[in-house]
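A.B. asks: Predicted model follows, preceded by the sequence.
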Amino acid sequence: MGHRNGVLPDRGGSRRDGRGPSIWDTSATRRERSFTATPAMSPVTTTTAGRRTSPLMAQLGVNSYRMSVAWPRVQPEGSGEYNQSGIDFYRRLLDSLVEHGIAPVVTLYHWDLPQALQDLGGWTSRDTSKRFADYAYEVVSALGERVRLWITLNEPWVSSHLGYGEGEHAPGPQTCPRPSAPPPPAAWPWAGGQGRPVGHGPAFKLGHHAKPCSDPSGFQL
């Protein structure tokens, strides 16, 4: 039996242990509409409970757990220096899962782009795809011994069209006008969308180079 966590439980706590702000942190503080009533900077389940959840899941018969790594927790600015506290947090969590017989399935990107990269164009910039590949290599190098199955990007269509097209998701208004304004340029969702598959390819290759996986389907989109 498998289990998965939601968006904020894995990646909230924006001011904890060196984590940088993501586009969702920015969106939650300034938008009139938000998918969650809990600001992302508040303490949340996985970041505070940590390893206490693994034995509880094991008691329920859970043998696989899909989780996500927060890019801004591992690399606060989306480029440059990595945050060792963030990497160590995921090591402890993964060790606890494996210890209790729970196979982790790890998503590298679940919509929480570092705000610093969004300020430079976000997924409409090809440079973000390169930064994502570098980040993926670092994460797989650090955590690969504990993980066999990886997902590079969670639902890229959703984050592209709802984030850069319709504006219901982050980054929202900074790329899309309010609902009462004229429709956004047709190019926005496509420009924001193409960066993700462009980033998936290099991330896939670098991930296998970092930790060759015995399972040929170890990396999936």
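C.D. replies: Perfect, thanks for sending it.

A.B. asks: Can I get the lengthiest strand in the chain in CSV? Just the C-alpha atoms.
C.D. replies: The longest strand of the chain (DSSP state E) is strand 103-109. What follows is strand 103-109, C-alpha atoms only, in CSV (Å, rounded to 0.1, in the frame of the first residue of the first chain):
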residue,chain,number,x,y,z
ALA,A,103,10.3,2.5,-0.3
PRO,A,104,10.6,6.2,-1.0
VAL,A,105,9.5,7.6,-4.4
VAL,A,106,11.0,11.1,-4.7
THR,A,107,9.8,14.0,-6.9
LEU,A,108,12.5,16.5,-7.6
TYR,A,109,10.1,19.4,-8.6
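
A.B. asks: Next, the residues that contact that strand from outside, please.
C.D. replies: Contacts to strand 103-109, defined as Cβ atoms under 8 Å, 6 or more residues apart in numbering, come from residues 2, 63-69, 71, 94, 97-98, 132, 135-136, 139, 143, 146-154, 196, 203. Where C-beta positions appear, they are placed from N, C-alpha and C, glycine not excepted.

A.B. asks: buried subset of these?
C.D. replies: Buried subset of those (neighbour count, 16 or more other Cβ atoms under 10 Å): 64-69, 71, 94, 97, 132, 135-136, 139, 143, 146-154, 196, 203.

A.B. asks: Hmm, residue 143 is touching residue 94, no?
C.D. replies: Yes: counting by Cβ atoms under 8 Å, residue 94 is a contact partner of residue 143 at 6.1 Å.

A.B. asks: need the helices for the protein, in chain order.
C.D. replies: Ranges of helices within the chain are 7-11, 23-30, 45-49, 53-59, 71-74, 84-99, 115-118, 126-143, 156-160, 187-210, based on DSSP state H.

A.B. asks: gap between the two ends of stretch 155-168?
C.D. replies: By Cα to Cα, to the nearest Å, the extent of stretch 155-168 from end to end equals 15 Å.

A.B. asks: and residue 29, how far is that from residue 57?
C.D. replies: According to Cβ to Cβ, to the nearest Å, residue 29 and residue 57 sit 32 Å apart.

A.B. asks: higher neighbour count, those two?
C.D. replies: More crowded of residue 29 and residue 57, by other Cβ atoms under 10 Å: residue 57, with 19 against 13.

A.B. asks: That one contacts residue 100, doesn't it?
C.D. replies: Yes: applying Cβ under 8 Å as the test, residue 57 and residue 100 come out as touching, 7.2 Å apart.

A.B. asks: Neighbours of residue 93, how many?
C.D. replies: Residue 93 has 24 neighbours, counted by other Cβ under 10 Å.

A.B. asks: Now do it, the pLDDT please.
C.D. replies: The model reports residue 93 with a pLDDT of 90.

A.B. asks: That one touches residue 67, doesn't it?
C.D. replies: Yes: counting by Cβ under 8 Å, residue 93 does reach residue 67; the two are 7.4 Å apart.

A.B. asks: In this structure, where is pLDDT below threshold?
C.D. replies: Applying pLDDT under 70 to the chain picks out residues 1-15, 30-51, 173-221.
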